[in-house]
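Asks: next input, structure requested:
(one chain, ligands or ions: 1)
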Amino acid sequence: MISQRVDSITPSGSVMLAQKVIELRNQGRDIISLSVGEPDFKTPQEILNATKKALDKGETRYSLVHGIPQLREAITKKLWDENQLNVNPEQIVLSHGSKQTLYNIFQTILNPDDEVIIPVPYWVTFPESVKLAGGRPIFVDCPNLQLDPELIEKAITSKTKAIIVNSPNNPSGAVFSPESLKKLSEIVVKNNLILISDEAYERFTYEDLPHLSPASISEEVFQRTLTVHSFSKTYCMTGFRLGYVAGPDWLIKPMIKLQSHLTGNNAPFAQFGALEALQMDPGFFQDMKKIFDQRRKMSFEQYKNIFELEMPQGAFYLFGKMTDDLIKRFGDDEKLAHHILEKAGVALLPGNFFGKPLYLRLSFAASEQDLKEAARRIKEVL
Ligand code: PLP
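Replies: Numbering: from 1, shown residues only. Next up, the predicted model:
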């Protein structure tokens, strides 16, 4: 009775683990969750005030499908200043989180059995939203958790429609080099494909590493690229559910048509909160990033003797490989994550969820105290 489309997708492993953590806490267990993908900071007060003000002013009705004009206008300035993208407000669509933006993209561009190349490791939602649109995810496992444009090119077939990249990367924390992104963009243009660039963690790069939006490389690349951004991580607005896509008219116009029959529009009062996020003092983010950087270094030191680890260059995750000894003793990452949850009361995500077995993802969007205590407990039970 259930559609083949929905039957074919797997539930989000991270959401299921979050439910398991709630269950264990309800049983009275003391669980440290290092599995979450959201900053542990409060949404800045200025954003809350602007949202409340908009509510009081009556911004509670249906509004424009692709977003309130003031916000799209402010986004064009942000994209120009920070990403060197020259777009107009009609080339932007806001949706309920960049998760929905990705859903909209695949629904808009894919026909049955069209292929989308997804470098491994990947964010859990990419393959499932491709499948929901009737497409086929094609995985390319790139060495050293980096982007390998040549390997990706080898996976192109007559059915390939798009390639998705995510830098800074969830789960690996890698920031792909400008050279590799330029190479990939050339391949996209040469093969007449669409590039989807998920830049949810764009502001989370460390050691002054630059973030490159591939759509800024040339007009030719812009014409084939959908750039996806989110308010969730940078501004601690995960619950506002606001993300957006910027791209050329031929791709954006059909996405607006699709959204007009899906959600209609985002809550206008939430969008006024997002407008304030773009206009407020950037000090809030700079302070948060400093703290994330300290945690990154501290947790790398804490965990480097437990897993095989590279220092992440971006996002807020450590992505560690199981040592040979751990493989011998536990078999795989799901069994190890289960053991650590049951015995140490620490929730980590198995790499298998991200297409990379024998790895574990640990979020350092947690207090220093929790990160240290979790490392102590994990060492004890291993
Ligand atoms: N893209 C990546 C790589 C993510 O990790 C996430 C969330 O974890 C998202 C997109 C979705 O964010 P949101 O839907 O909150 O904008």
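
Asks: show me what from this protein comes close to the ligand.
Replies: By the rule Cβ under 6 Å from any ligand atom, the part of the chain lying against the ligand is 37, 97-99, 123, 166, 170, 198, 200, 230, 232, 238, 243. C-beta coordinates here come from the backbone N, C-alpha and C atoms, glycine included.

Asks: turn these into a markdown table, columns for pLDDT.
Replies: Shown next, in a markdown table, are the residues of the chain next to the ligand (pLDDT from 0 to 100):
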| residue | pLDDT |
| --- | --- |
| Gly37 | 87 |
| Gly97 | 97 |
| Ser98 | 97 |
| Lys99 | 97 |
| Trp123 | 96 |
| Asn166 | 98 |
| Asn170 | 97 |
| Asp198 | 98 |
| Ala200 | 98 |
| Ser230 | 98 |
| Ser232 | 97 |
| Thr238 | 96 |
| Gly243 | 98 |
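
Asks: and the residues you listed, which two are the farthest apart?
Replies: Maximum pairwise distance in the residues of the chain next to the ligand, criterion Cβ to Cβ, is 17.2 Å, between Asn166 and Thr238.

Asks: write the PyMOL selection for whichever of the residues of the chain next to the ligand are buried.
Replies: Selecting only the buried members of the residues of the chain next to the ligand in PyMOL, with burial defined as 16 or more other Cβ atoms under 10 Å, works like this:
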select buried, resi 37+97+98+99+123+166+170+198+200+230+232+238+243
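
Asks: distance to Ser129 and secondary structure added to the residues of the chain next to the ligand, as JSON lines?
Replies: Compiled in JSON lines, these are given as follows (distance: Cβ to Cβ, whole Å; DSSP: H, G, I helix; E, B strand; the rest coil):
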{"residue": "Gly37", "distance to Ser129": "16", "secondary structure": "coil"}
{"residue": "Gly97", "distance to Ser129": "12", "secondary structure": "helix"}
{"residue": "Ser98", "distance to Ser129": "11", "secondary structure": "helix"}
{"residue": "Lys99", "distance to Ser129": "8", "secondary structure": "helix"}
{"residue": "Trp123", "distance to Ser129": "10", "secondary structure": "coil"}
{"residue": "Asn166", "distance to Ser129": "13", "secondary structure": "strand"}
{"residue": "Asn170", "distance to Ser129": "15", "secondary structure": "coil"}
{"residue": "Asp198", "distance to Ser129": "11", "secondary structure": "strand"}
{"residue": "Ala200", "distance to Ser129": "14", "secondary structure": "coil"}
{"residue": "Ser230", "distance to Ser129": "15", "secondary structure": "strand"}
{"residue": "Ser232", "distance to Ser129": "16", "secondary structure": "coil"}
{"residue": "Thr238", "distance to Ser129": "18", "secondary structure": "helix"}
{"residue": "Gly243", "distance to Ser129": "13", "secondary structure": "strand"}
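
Asks: for the residues of the chain next to the ligand, which one is nearest Asp324?
Replies: For the residues of the chain next to the ligand, the minimum distance to Asp324 (Cβ to Cβ) is 26.5 Å, reached by Asn170.

Asks: isn't the closest one up against Leu318?
Replies: No. With contacts defined as Cβ atoms under 8 Å, Asn170 does not count as touching Leu318, sitting 11.9 Å away.

Asks: tell me, what's touching those two both at once?
Replies: Where contact means Cβ atoms under 8 Å, 6 or more residues apart in numbering, no residue is in contact with each of Asn170 and Leu318.

Asks: what's the spacing between the residue of the stretch 51-200 of the chain found nearest the ligand and Ser363?
Replies: In the stretch 51-200 of the chain, no residue comes nearer to the ligand than Gly97, which is 2.6 Å away by Cβ to the nearest ligand atom. Here Gly97 is placed at a distance of 18 Å from Ser363 (Cβ to Cβ, to the nearest Å).

Asks: go on, Cys142?
Replies: For Cys142, the distance to Ser363 equals 22 Å [Cβ to Cβ].

Asks: and the two? Which one has more around it.
Replies: For Cys142 and Ser363, the more surrounded residue by other Cβ atoms under 10 Å is Ser363, and the numbers stand at 26 against 20.

Asks: quick check, that one in contact with Tyr317.
Replies: Yes. Using Cβ under 8 Å, Ser363 is in contact with Tyr317, at 5.5 Å.
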